[in-house]
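Q: Kindly return the folded structure for what I paste below:
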Amino acid sequence: MNDTIIDQDFVDEQSRFRRSQKLASILRVFYIILIAATAIDTMIQLWAYFVVEKGIMILHESDYTRLETAGIFQTIINLISLLLSLTAAVLFLVWVNRCYQNLEPLGKPPAFGKWLFGLSWFIPLVAFILPLFGIREIWNTYQKENGDNPRLWQGLEFVYLWWILYVLYRIIWWGFTILPAVYSLLIEEGGLYPNLNLNNVILLGISIQIFLFIPILLLQMYFVQRINHWEMNIHAKREPLLAAIID
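A: Okay, the predicted model is just below:
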């Protein structure tokens, strides 16, 4: 094979490693801002629920202005969080797909092919299973390339914990998507409506943010940081070879 072609392939591979590292840096910033915004939104909801809804605080006329201001502020925070979540989700999918493609230069051709791995995130039910195999492949290959021994929070236990929480959150999110329609139907039917408590639904939403969404973001940020750290080490090992090719 022509040495020029081989050299160009190596340069392209190193360029792909650099691009994925830049994406990882951007993702970390998005995660930090998103976690902060979600925490603020959660605190506002907790304050409104326990102080106002539960009657812990006696409201005066002047307090309603504060409540209105807090409601507007929460709406803004929710919009920011929504935009951040959508952007972070897109960036993560692009980043993790690039990491999956980067397995080939490391001597580990992707088992599913880059297109199947990328599309698997959008296929109902399949999205709960197939992406995990690709993520596990990325984790194991990068870890092995760096010579790190699997340990708790650095081995597959971490990956599985993150994925279980992610799948659980997705299922609940789908449930909340159809909940308003079901709630309206029950109101019209008049059967089970008395047994429903909107405050309990609000409290459930707060619990999901605290015990699922924020932990998922933290674990996902750790996953990005860990993979990026390993990738930087791999890139550093290959950098002298790239310099020799360019010279």
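Q: which stretches of this structure form helices?
A: Here the chain has its helices, by DSSP state H, at 3-46, 61-101, 114-120, 130-146, 156-189, 198-208, 214-246.
Q: quick one: which of the ones you listed is nearest Gly107?
A: Of all the helices of the chain, helix 130-146 sits nearest to Gly107, with 8.6 Å by C-beta to C-beta. (C-beta placed from N, C-alpha, C; glycine too.)
Q: For the closest one, list the C-alpha coordinates in PDB.
A: Output in PDB follows, covering the C-alpha atoms of helix 130-146 (Å, rounded to 0.1, in the frame of the first residue of the first chain):
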ATOM      1  CA  LEU A 130     -28.200  -1.600  21.700                       C
ATOM      2  CA  PRO A 131     -26.400   1.700  22.600                       C
ATOM      3  CA  LEU A 132     -25.300   0.100  25.900                       C
ATOM      4  CA  PHE A 133     -23.200  -2.400  23.900                       C
ATOM      5  CA  GLY A 134     -21.500   0.400  22.000                       C
ATOM      6  CA  ILE A 135     -20.800   2.400  25.100                       C
ATOM      7  CA  ARG A 136     -19.400  -0.700  26.800                       C
ATOM      8  CA  GLU A 137     -17.200  -1.300  23.800                       C
ATOM      9  CA  ILE A 138     -15.900   2.300  24.000                       C
ATOM     10  CA  TRP A 139     -15.200   2.000  27.800                       C
ATOM     11  CA  ASN A 140     -13.500  -1.400  27.600                       C
ATOM     12  CA  THR A 141     -11.300  -0.500  24.600                       C
ATOM     13  CA  TYR A 142     -10.200   2.900  25.900                       C
ATOM     14  CA  GLN A 143      -9.500   1.500  29.300                       C
ATOM     15  CA  LYS A 144      -7.500  -1.400  28.000                       C
ATOM     16  CA  GLU A 145      -5.500   0.900  25.700                       C
ATOM     17  CA  ASN A 146      -4.600   3.000  28.800                       C
END
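Q: on contacts alone, who are the packing partners of that helix?
A: Counting by 3 or more C-beta pairs under 8 Å, 6 or more residues apart in numbering; DSSP states H and E, the packing neighbours recorded for helix 130-146 are helix 61-101, helix 114-120, helix 156-189, helix 214-246.
Q: which stretch among the ones you listed comes nearest Tyr49?
A: Checking those against Tyr49 by C-beta to C-beta gives helix 61-101 as the closest, at 12.0 Å.
Q: pretty sure Leu168 is touching Phe211, no?
A: No - Leu168 is beyond contact range of Phe211, at 9.8 Å (criterion: C-beta atoms under 8 Å).
Q: Phe158 versus Val224, what's the distance?
A: Between Val224 and Phe158 the computed distance is 13 Å (C-beta to C-beta, to the nearest Å).
Q: Neighbour count: those two, which is higher?
A: Neighbour count, other C-beta atoms under 10 Å: between Val224 and Phe158, Val224 has more, with 22 against 18.
Q: dump the residue contacts of that one.
A: Ala24, Leu27, Arg28, Tyr31, Phe92, Trp95 (C-beta atoms under 8 Å, 6 or more residues apart in numbering).
Q: From those residues, list the buried ones, please.
A: Ala24, Leu27, Tyr31, Phe92, Trp95 (16 or more other C-beta atoms under 10 Å).
Q: and the residue nearest to the third one when sequence neighbours are not counted, how many residues sit next to it?
A: Counting by C-beta to C-beta, 6 or more residues apart in numbering, Tyr31 lies nearest to Met221, which is 4.1 Å off, once chain neighbours are set aside. Other residues lying near Met221 total 19 when counted by other C-beta under 10 Å.
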